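K.L.:
Here is a sequence together with a model predicted from it:
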Amino acid sequence: MTIEEFKSMGWSDMHPMQVEAVMNMMSSAIGLAECTKDPEIMEAITQEADELVRLFGGNALIVDYKTQEMDLDV
């Protein structure tokens, strides 16, 4: 399979409960990474979550560690 043949459902195609479940999973992973207090782990997990957002057609994942908020740019 080539990248041109790859088809994926986008954020706008997902049921709101699916979007919420993915967001909750990313939030949990980022929260656990933050508990390690290791900046390399936090950066790696945040990058993986951002790549997941982009895979589903989003533009970016925005994480604000000070306010503990996470938002999608779709």
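P.N.:
Good, I have the coordinates.
K.L.:
where's the spatially most central residue of the chain, which helix or strand?
P.N.:
With distances taken as C-alpha atoms, centre = their mean, Ala49 lies nearest the centre of the chain, 3.3 Å away. Assigned by DSSP states H and E, Ala49 falls within helix 39-55.
K.L.:
How about residues contacting that helix?
P.N.:
8, 22, 26, 29-30, 32-34, 36, 59-61, 63, 72-74 (C-beta atoms under 8 Å, 6 or more residues apart in numbering). C-beta: built from backbone N, CA, C; applies to glycine.
K.L.:
Whichever of the residues you listed end up buried, select them in ChimeraX.
P.N.:
Remark: buried members of the contacts of helix 39-55, expressed as a ChimeraX selection using 16 or more other C-beta atoms under 10 Å:
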select :22,26,30,33,34,61,63,72
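K.L.:
Just flag the most distant two among the contacts of helix 39-55.
P.N.:
Among those, the pair separated by the greatest distance (C-beta to C-beta) is Ser8 and Thr36, at 30.4 Å.
K.L.:
Which of the contacts of helix 39-55 sits closest to His15?
P.N.:
Val22 (10.9 Å).
K.L.:
part of a strand, is that closest one?
P.N.:
No - applying DSSP: H, G, I helix; E, B strand; the rest coil, one finds Val22 to be helix, outside a strand.
K.L.:
Relative to Asp38, how far out is it?
P.N.:
The gap separating Val22 from Asp38 is 24 Å, by C-beta to C-beta, to the nearest Å.
K.L.:
and stretch 62-74, how far from the chain's centre?
P.N.:
Distance of stretch 62-74 from the chain centroid (C-alpha atoms, centre = their mean, to the nearest Å) equals 10 Å.
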